[in-house]
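fold the following and give me the result.
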Amino acid sequence: MMRYGQWIAVMLLVSALLQGCGGTDAEHLENEGGGNNLREHEVEVVPVERRDFERTFRGTGSLIPKEEASVRALSPGTLDVVNVEIGEPVDEGDILFRTRQADARNSLRQAEASLKTAENRLAELRAWSREEEIDSARARVRQARTRYDRASDEQERMRVLYERGSISDSEWEEAQAAADSAESDLESAEAQLNIAERGPTDEEIAVAETEVERAEAGLAQAEQALDDTEVRAPYDGVITGRYAKAGDFVNRGQDVVRISALEVLEAEMHIPERFAGIMEKGLAVNVRLDTHDLTREGTVVAVNQAIDRQTRTFEIKVHVPNEDLAIKAGAFGVGEFVLPARENVLGVPREALIEQEGQFYVWVADNGEARRQFVERGERHEEYVQIVEGLEEGQEVVVRGFGALAEGDELVTAARD
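Numbering: from 1, shown residues only. This is a model prediction of the structure:
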């Protein structure tokens, strides 16, 4: 147990030490800040200024040929020749491949002969030789009448004999048949004479004209069939696919080659809904292709007026020039769209803006004290951010030293160099 005298000595020593520290706790606090607990911070500030903001945003998409087609066989048959290989450029009208032509040529010759026959028949009817035809028909009538008269006389003679019982039934029937035949031949000859005297009828000429038209259609079909054995390039382009070789049999409609027009490529991009009001045809686009290490200026050529309900985006089409064929079809491109600039609007450096749970604020130097100010941001560039609402021109915002700031802290401000 500590003796009483030792305890008194310890208490006296503690009292002496407290007196050496310089006063009470209250006096210490008063010396530190005169009753004000706020800390003092040294920060860099810049004024809120007006400036111009270029507006850009990005979209992505694969570049595909503006025009691309699978070229198919137009007629069935064996491929005689395929003139192209993958990667070869072709001009519009170049023959890409040809199927066997022998059958088509034979059909063409038959159609030409049929047309010639029909045309000759029509020409004969239209250029009817009346006197010559009439004379020939009259001669045939005279001959037929002579035969008819003889047959009639013979029939009368045989009738008398038959009534007397001098000839048999068969002999009488034979005489009747001969007379009937002679009469029929006379009627036919007289009909032909009638036709010759009046010429062909309108109906006969119309039938002949129809035959000519039918033959002409057959000839056109045969010519087309021959033409279809040779398939030509529908436009200037590059062969990007080949599916058959010479000697292969192909059916009508079967793919043989694919042709792509690569001088203009097309990118389909999906753009956020918020840009729907400003997106229009003719808008310039800088398309960057990292895999090709180049950038091309493209143009918006189509804008879908419908917004996708699921993605809240809308589709546009951008044409990118590729006359030098430096860009491969299917390359991935990033498009940077340049919109009309925001001019003479408020802005602050990007480092002044702080995000908190989806909201943005800055620290403002307000009469030497720190004040948190929430803002609405607009366009963003590498160094500056547009302030749509929350600040006024000339206010000073903290850009450095705000790491431990609290509302109301005293500030020692210095302008940024």
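
okay, now the domains of this protein?
Domain ranges of the chain: 4-33, 38-71+267-417, per automatic domain parsing.

max-length helix in this protein?
helix 130-164 (DSSP state H).

residues in contact with the closest residue to G253 other than its chain neighbours?
With CB to CB, 6 or more residues apart in numbering as the criterion, G253 has its nearest non-adjacent residue at 5.2 Å, and that residue is R72. Quick note: C-beta positions are derived from backbone N, CA and C, even for glycine. Residues in contact with R72 (CB atoms under 8 Å, 6 or more residues apart in numbering) are 231, 252-256.

drop anything exposed from those residues.
Buried members of those, counted by 16 or more other CB atoms under 10 Å: 231, 256.

quick check: which ranges of the stretch 101-250 of the chain have low pLDDT?
128-130 (pLDDT under 70).

so where do the strands sit in the stretch 301-417 of the chain?
Counting by DSSP state E, counting those that start in this stretch, the stretch 301-417 of the chain has these strands, from start to end: 313-321, 332-349, 354-356, 359-366, 369-380, 384-389, 396-400, 410-415.

okay, the ones you listed in TSV with mean pLDDT, distance to E273 and mean neighbour count next?
Listed next are those as TSV, based on pLDDT from 0 to 100; distance: least, CB to CB, whole Å; neighbours: other CB atoms under 10 Å:
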stretch	mean pLDDT	distance to E273	mean neighbour count
strand 313-321	94	6	19
strand 332-349	90	15	17
strand 354-356	92	23	11
strand 359-366	95	22	18
strand 369-380	92	17	16
strand 384-389	94	19	18
strand 396-400	94	32	20
strand 410-415	89	42	14
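
what about the residue nearest to G253, distance to D308?
Distance, R72 to D308, using CB to CB, to the nearest Å: 34 Å.

same question for E213.
55 Å.

before we move on, back to that, of all the strands of the stretch 301-417 of the chain, which one is nearest S181?
strand 313-321 (85.6 Å; CB to CB).

partner strands of the closest one, with direction?
Strand 313-321 pairs in its sheet with strand 255-272 (antiparallel), strand 294-303 (antiparallel), by DSSP bridges.

pick the most buried one from those strands.
With neighbours taken as mean count of other CB atoms under 10 Å, those reach their highest mean count in strand 255-272, at a mean of 20.

so G330 makes contact with I64?
Yes - with contact defined as CB atoms under 8 Å, G330 counts as touching I64 (6.6 Å).

with adjacent residues omitted, what lies nearest to E183?
Y148 (5.7 Å).

and for V412?
E42 is the one closest to V412 (CB to CB, 6+ apart), at 4.4 Å.

list phi and psi for that neighbour.
Here is the backbone geometry of E42 (degrees, to the nearest 10): phi -100, psi 120.

next, the contact list for it, please.
With the criterion set at CB under 8 Å, 6+ apart, E42 makes contact with 401, 411-412, 414.

now for the longest helix of the chain, which elements pack on it?
helix 169-198 (3 or more CB pairs under 8 Å, 6 or more residues apart in numbering; DSSP states H and E).

for the helix it packs on, name the packing helices and strands.
Using 3+ CB pairs under 8 Å, 6+ apart as the test, helix 169-198 ends up in contact with helix 130-164.

looking at the sheet around F57, what are its partners?
F337.

neighbours around it, how many?
16 (other CB atoms under 10 Å).

please name the residues that touch it.
Contacts of F57 by CB under 8 Å, 6+ apart are 271-272, 275, 336-337, 339.

just to revisit the earlier point, how about the contacts of E42 in CSV, adding distance to G358?
Shown next, in CSV, are the contacts of E42 (distance: CB to CB, whole Å):
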residue, distance to G358
G401, 25
L411, 27
V412, 32
A414, 32
